[in-house]
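Peer 1: I would like the atomic coordinates for the input below:
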Amino acid sequence: MSIKLNDKYLSSFVNDHAYSMIQPQVTLADSMLRSKSGPGNTFLGWIDLPVNYDKEEFARIKTCAEKIKKTCDVLVVIGIGGSYLGSRAVIEFLKSPMYNSLKKDTPDIYFAGNCISTDSLNEILAVCEGKDICVNVISKSGTTTEPAIAFRVFRALLEEKYGKEGARERIFVTTDKARGTLKEFSTAAGYETFVVPDDVGGRFSVLSAVGLLPIACAGIDIDELMAGAASAMEKYKDPNLENNDCYRYAALRNILNRMGKSVEVLASYEPFTAMLSEWWKQLFGESEGKDQKGIFPSSVIFSTDLHSLGQFIQDGTRTMFETVINVENTGSSFKIPEDHANIDGLNFLSGMDLNDVKKTAMNGTILAHVDGGVPNIVINVSDRNAYSLGELIYFFELACAVSGYLLAVNPFNQPGVESYKKNMFALLGKPGYEDLRVELEERLKN
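Peer 2: Just a heads-up that it's a prediction; the model follows:
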């Protein structure tokens, strides 16, 4: 079993009565999802995506990835939010946060168009100097500011370097199936295109072409990734909390939230999970943070952050709970050497595997934080491989949907995201926003 929930550390916080009381709400949330009768029901394509995906496109993704691997040194992935977080999370989890620095037979992969930063853009351009480049731009519309600017820049770079004909063979577009500015432009330019599914929102899209093309370019087995997700899809169909770890996690989050624990800290003991935590934060933050409700998602990497945020978690305001991702087998080991002088006084660790030290640190930390009044949920992941990660991704997606319904919000929209865009467009002088610009400039003056 790849994923297993451990809730034994909650015994002093959550009793059996809490589970039985929330069970009818979980059953209703499950029914709303399965019958597609709840809010956001037009964005539920992710539920059966692990088995009900476009097999022809999937094969094209693998063929395209092989072409990219053979023809470029650097793949620039352009996208923001769900258009890049999922693929980057998978690559760093399964390969390494230092993926680009490792020896490999796959291209370096850099992510652009996810911020408004001159320095970031210039640095990626500098990295690309003298190297063969391919670009994968990911955008439903093609008009989102950050990726649109980056695509302008890298399209011009490729056309200057290879000519329009050569650039056409190096630009790959993931966008709407039939409409939108980017789709129309790509069709006219002759770029190979892949589909952002109409019924899958960006933060749920990692198992579509949005995430799979960059992931495959990194040499990751996307068949195994999908197989793990398909396994989770079958495993978590029973709404009974005693039989469904995924729904149990969703229920526990809401039970703890109702007890005043409104901040969830996703904790892990491996740096390769850092971007997975960023993906998780978007998934839950954008899904649940609305209608003046929500559980605030944050993250830490231990033991590193025990030397910074550890004090606050142990002894600060009691508004948080922790969810610990424990990867049981990372596939590597390291024996601690002996120092005959024993300068650091650590010879009692000599010959011990560093993984055992990490596990001991984790167990000690969990007990300390529980004693300090911080509830801890542990999600055990059996292995660091594509199958287990596919299962974990689906686990979190399904838990997020159920948890959103338990919070009585629509987990599949993001109305608040549009507010900053409207103000930014007005202040930048976009046509059609003239009146708002006057109003905002007056507010800024005052």
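
Peer 1: contacts for the helix ranked longest in the chain?
Peer 2: In terms of residue count, the longest helix belonging to the chain (DSSP state H) is helix 145-168. When contacts are defined by C-beta atoms under 8 Å, 6 or more residues apart in numbering, helix 145-168 is touched by residues 76, 78-80, 83, 112-116, 121, 125, 128, 133, 135, 137-139, 142, 169-171, 189-191, 421, 424. (Each C-beta comes from the backbone N, C-alpha and C, glycine too.)

Peer 1: In strands only, show me those residues.
Peer 2: V76, I78, A112, I133, V135, V137, I138, I171 (DSSP state E).

Peer 1: ok, of those residues, which one's closest to D305?
Peer 2: Within the set of the ones in strands among the contacts of helix 145-168, A112 lies nearest D305; the separation is 27.9 Å, counting by C-beta to C-beta.

Peer 1: K281 versus that closest one, what's the distance?
Peer 2: Here A112 is placed at a distance of 21 Å from K281 (C-beta to C-beta, to the nearest Å).

Peer 1: These two - which one has more neighbours?
Peer 2: More crowded of A112 and K281, by other C-beta atoms under 10 Å: A112, with 27 against 18.

Peer 1: check contacts around C128.
Peer 2: Residues counted as contacts of C128 (C-beta under 8 Å, 6+ apart) are V74, V76, Y110, L157.

Peer 1: which pair in these spans the largest distance?
Peer 2: Taking C-beta to C-beta as the measure, the contacts of C128 have their most distant pair in Y110 and L157, spaced 12.9 Å apart.

Peer 1: coming back round to it: name the residues of the longest helix of the chain that come out as buried.
Peer 2: Burial within helix 145-168, assessed by neighbour count using 16 or more other C-beta atoms under 10 Å, is assigned to 146-148, 150-151, 153-155, 157-159, 162, 167.

Peer 1: quick one: which two of the residues you listed are the most distant?
Peer 2: Pairwise distances across the buried residues of helix 145-168 peak at 24.6 Å for E146 and Y162 (criterion: C-beta to C-beta).

Peer 1: ok so, going back, would you format the ones in strands among the contacts of helix 145-168 as TSV with pLDDT and distance to T330 included?
Peer 2: Formatted as TSV, the entries for the ones in strands among the contacts of helix 145-168 read as follows, by pLDDT from 0 to 100; distance: C-beta to C-beta, whole Å:
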residue	pLDDT	distance to T330
V76	98	29
I78	97	31
A112	97	30
I133	98	32
V135	98	32
V137	97	33
I138	97	29
I171	98	36
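
Peer 1: K261: which of the residues you listed is nearest?
Peer 2: Comparing the ones in strands among the contacts of helix 145-168 against K261 with C-beta to C-beta places I138 closest, at 35.4 Å.

Peer 1: Name the residue most distant from the centre of the chain?
Peer 2: The centre of the chain is farthest from one residue, A341, which by C-alpha atoms, centre = their mean lies 45.6 Å away.

Peer 1: What distance do you get for that one to M226?
Peer 2: With the distance defined as C-beta to C-beta, A341 ends up 53 Å from M226.

Peer 1: Could you pull out the strands in the stretch 1-150 of the chain for me?
Peer 2: When assigned using DSSP state E, counting those that start in this stretch, the strands of the stretch 1-150 of the chain occupy the ranges 3-6, 74-78, 108-112, 133-138.

Peer 1: Rebuild those as JSON lines, extending it with distance to E434.
Peer 2: Putting these into JSON lines (distance: least, C-beta to C-beta, whole Å) gives the following:
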{"stretch": "strand 3-6", "distance to E434": "52"}
{"stretch": "strand 74-78", "distance to E434": "30"}
{"stretch": "strand 108-112", "distance to E434": "31"}
{"stretch": "strand 133-138", "distance to E434": "30"}
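
Peer 1: Out of those strands, flag the one nearest M259.
Peer 2: For M259, the closest of the strands of the stretch 1-150 of the chain is strand 3-6, at 18.7 Å, according to C-beta to C-beta.

Peer 1: which residues sit against that closest one?
Peer 2: Surrounding strand 3-6, the residues in contact under the criterion C-beta under 8 Å, 6+ apart are 232, 245-246, 248-249, 377-382, 388, 391-392, 395.

Peer 1: Would you list the buried entries among the contacts of helix 145-168?
Peer 2: The neighbour-count criterion (16+ other C-beta under 10 Å) marks 76, 78-80, 83, 112-114, 121, 128, 133, 135, 137-139, 142, 170-171, 191 among the contacts of helix 145-168 as buried.

Peer 1: Would you indicate which residues of whichever helix or strand E439 is part of are buried?
Peer 2: For E439, the enclosing helix or strand under DSSP states H and E is helix 434-445. Taking 16+ other C-beta under 10 Å as the neighbour-count basis, helix 434-445 is seen to contain the buried residues R437, L440.

Peer 1: Kind regards, and thank you for your time.
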